[in-house]
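[1] Show me how the following folds:
(one chain, ligands or ions: 1)
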Amino acid sequence: MSKIYITTAIPYINGVPHVGHAMDYCLADTYSRYHKMLGDEVRFQAGTDEHGNKIYKKALEEGIDTQAFVDRNSQVFRDFIKALNVEYTDFIRTTDEHHVKSCQEIWKKLESHIYSAKYEGWYCAGCENFVTEKEYEENHGVCPDHQKPYEKIAEENYYLRISDFKDQIKSAIEKDEMRILPDFRKNEVLKLLEDAPDVSISRPKSQVSWGIPVPDNEDQVMYVWLDALSNYITVLGYPDNDISEWWPASVQFVGKDILRFHTIIWPAILLGLGLPLPKVITSHGFIMANGQKMSKSVGNVVAPMEIIERHGVEAFRYFFLRHVDSFLDADFTWEKFEDAYNNELANDLGNLVQRLATMVRKNSVAPVENFVAQIPEEYKTFMDGFEFSKAFDFAWEKVQAINKRIDDEKPWMLAKAGETEKVNVCLTSLMKDLLSASNMLRPFLPETSTKIYDIFTNKNGVVPPETPLFPKN
Ligand code: MSP
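    Numbering: from 1, shown residues only. Okay, here's the model as predicted:
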């Protein structure tokens, strides 16, 4: 049994959850459930990123106290994660007292790598990112993710000397000691790292008041990313506790837009603290609407709760885990979603369960006893490589193959011909195939998988579900 530590990006909570946020959770939950299925012990962190100007301004706009605002919104995200049927073990808020205190201790431990200097340049408030002149030019002064012009800022800040750690980070990435996925992002990160300047890690209090105070300097608050990234270890009790039982993380799930923070600033912080680097950082793409990133600031978001209310959480997980490649961008449209729901979930799987259970019942075939699923190597390879959408495809091909077998072997014809023994053998074998496929679906569709297991292994005989697993629209 191994110990697996899985982390997810902690979203800013200046707005409501959107489908993009769900990606980190659903991918991480799939990996977590897969490892639990293999008998491993899993720790799974989630949380909310609550400092910085975006949050402060939004609370002001709503006319409520900032703390009350983050208290309310953090709960909304917690409820959202629950609605996704995501089983995290630890939840952290960056306004938690322990986190705040720990970040200040982290700062002190990093002090020999920190210096103060003037920052004059560009900033994207949407990304909370200091933007280099080169990026500014490449993007013609407008953030491509937020469609907003970069702000010019000039301020006295503290800097973290990234140059102290560049060689070590580079070597860890090249040797896959800190593996970056997908592979094509690895070279992008190495290129970024080469040009990476030291990063500013504080902002003047006069500019950003809602943040963690820098120790021994009343005029500065910590840059929100230093505060946010530290969550992955403060949630484990760092620095008060020895975290070596769980750290380094087995895998950190992030979106492609924040990969750079996780592969440059984050490793620098860890190395500065004398901690090992995470084993894997995997990045997913963007959920798009009409070719543009779905984003609060752009205003083109689809409410995930609407999808869940209309079609259920299993359908939600189905679409975002199978039809969104685990590493690439994908477009969400209601049409695509409904096609997948009706043709695949309702037809391929829902009908199959109904059909097979009805035939088994009608022919009084015994349920499957003592079922032990074998996990195919091909599926395992995809899951171990974080290619969940491919593992899901593999499992779904098995579902389709069972439908084909039924059509080819026509058990009802055997029954009509009075071939009782053959009917028995055929239906039992089909049930076993379905249970094996359904076992592979367990990390993706936990409720459906349990239902299928309960139907076909029920000691009192197989009873077809009263209502279809996925009622058609
Ligand atoms: N607060 C930071 C993360 C700090 S982690 C130490 C942040 N928050 S966010 O709310 O902007 O994004 C949270 C996660 O949602 C990120 O992984 C991000 O990539 C993901 N997504 C936000 N919009 C997205 C899409 N439209 N599509 C897919 N995921 C995107 O960044």
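[2] neighbours around the nearest residue to residue 115 once chain neighbours are set aside, how many?
    Here the nearest residue to residue 115 in space, its sequence neighbours aside, is residue 159; by CB to CB, 6 or more residues apart in numbering that works out to 5.6 Å. Every C-beta, even on glycine, is put in place using the N, C-alpha and C of the backbone. Residue 159: 19 surrounding residues under other CB atoms under 10 Å.
[3] and residue 159, what does it touch?
    For residue 159, the contacting residues are 114, 115, 116, 117, 119, 198, 199, 200, 201, by CB atoms under 8 Å, 6 or more residues apart in numbering.
[4] who does the residue in the stretch 251-400 of the chain positioned nearest to the ligand bridge with?
    The ligand sits closest to residue 255 of the stretch 251-400 of the chain, with a gap of 1.7 Å, by CB to the nearest ligand atom. Using DSSP bridges, the beta-bridge partners of residue 255 come out as residue 284.
[5] pretty sure it is touching residue 24, no?
    Yes: shown here, residue 255 and residue 24 form a contact pair, counting by CB atoms under 8 Å, at 6.9 Å.
[6] The nearest residue to residue 160 once chain neighbours are set aside and residue 246: what is the separation?
    Nearest in space to residue 160, with sequence neighbours left out and distances taken as CB to CB, 6+ apart, is residue 201 at 4.7 Å. Residue 201 sits 25 Å away from residue 246, taking CB to CB, to the nearest Å as the criterion.
[7] More neighbours: which of those two?
    Regarding residue 201 and residue 246, a neighbour count based on other CB under 10 Å identifies residue 201 as having more, with 25 against 21.
[8] Tell me the predicted confidence for the more buried one.
    At residue 201, the pLDDT value in this model is 95.
[9] most neighbours, which of the contacts of residue 159?
    Counting by other CB under 10 Å, residue 201 has the largest number of neighbours within the contacts of residue 159, with 25 neighbours.
[10] Run a quick check on that one versus residue 157, I expect a contact.
    Yes: using CB under 8 Å, residue 201 is in contact with residue 157, at 7.4 Å.
[11] From residue 302, how far off is residue 89?
    Here residue 89 is placed at a distance of 29 Å from residue 302 (CB to CB).
[12] What strand or helix carries the residue of the stretch 101-250 of the chain found nearest the ligand?
    Using CB to the nearest ligand atom, the closest approach of the stretch 101-250 of the chain to the ligand is made by residue 228 at 3.9 Å. When secondary structure is defined using DSSP states H and E, the element that contains residue 228 is helix 224-229.
[13] Could you report the pLDDT at the residue lying closest to residue 34 once chain neighbours are set aside?
    Excluding the flanking residues, the one nearest residue 34 by CB to CB, 6+ apart is residue 443, at 4.3 Å. Per-residue pLDDT puts residue 443 at 98.
[14] same deal with residue 8?
    On pLDDT, residue 8 comes in at 98.
[15] Which strand or helix spans the closest residue to it other than its chain neighbours?
    Spatially, and ignoring its direct neighbours in sequence, residue 8 is nearest to residue 24 (4.2 Å; CB to CB, 6+ apart). Secondary structure here is read from DSSP H and E; on that basis residue 24 sits in helix 19-37.
[16] Return the residues of this protein in contact with the ligand.
    Contacts of the chain with the ligand, taken as CB under 6 Å from any ligand atom, map to 9-12, 20-21, 23-24, 49, 228-229, 231, 254-255, 257-258, 286-287, 293-295.
[17] Pretty sure residue 33 sits against residue 87.
    Yes: with the criterion set as CB under 8 Å, residue 33 and residue 87 qualify as a contacting pair; they are 7.3 Å apart.
[18] What segments of the stretch 251-400 of the chain are strands?
    251-255, 280-284, 287-289, 292-293, 330-331 (DSSP state E, counting those that start in this stretch).
[19] next one: the stretch 101-250 of the chain
    Across the stretch 101-250 of the chain, reading from the start of the chain, the strands by DSSP E, counting those that start in this stretch fall at 114-124, 129-131, 151-160, 179-181, 199-200, 202-204, 220-222.
[20] Report all helices and strands that the helix or strand bottoming out on mean pLDDT in the chain contacts.
    Of all the helices and strands that make up the chain, strand 292-293 has the lowest average by mean pLDDT, DSSP states H and E, namely a mean of 81. Under the contact criterion of 3 or more CB pairs under 8 Å, 6 or more residues apart in numbering; DSSP states H and E, the helices and strands touching strand 292-293 comprise an empty set.
[21] What distance do you get for residue 209 to residue 53?
    Applying CB to CB, one obtains 9 Å for the distance of residue 209 from residue 53.
[22] what does residue 130 give?
    Between residue 130 and residue 53 the computed distance is 14 Å (CB to CB).
[23] just to revisit the earlier point, so residue 209 and residue 53 - more neighbours on which side?
    More crowded of residue 209 and residue 53, by other CB under 10 Å: residue 53, with 19 against 12.
[24] how far away is the more buried one from residue 109?
    With distances defined as CB to CB, the gap from residue 53 to residue 109 amounts to 26 Å.
[25] picking that back up, with neighbour numbers in mind, choose between residue 33 and residue 87.
    Using other CB under 10 Å as the criterion, residue 33 and residue 87 rank with residue 33 on top: 21 against 16.
[26] still on that earlier bit, what's the burial count for the residue nearest to residue 8?
    Residue crowding around residue 24 was assessed by other CB under 10 Å; the count is 24.
[27] which residues touch it?
    In this structure, residue 24 makes contact with 8, 9, 253, 254, 255, 284, judged by CB under 8 Å, 6+ apart.
[28] 10 Å instead, please
    7-11, 46, 81, 86, 252-255, 258, 283-284 (CB atoms under 10 Å, 6 or more residues apart in numbering).
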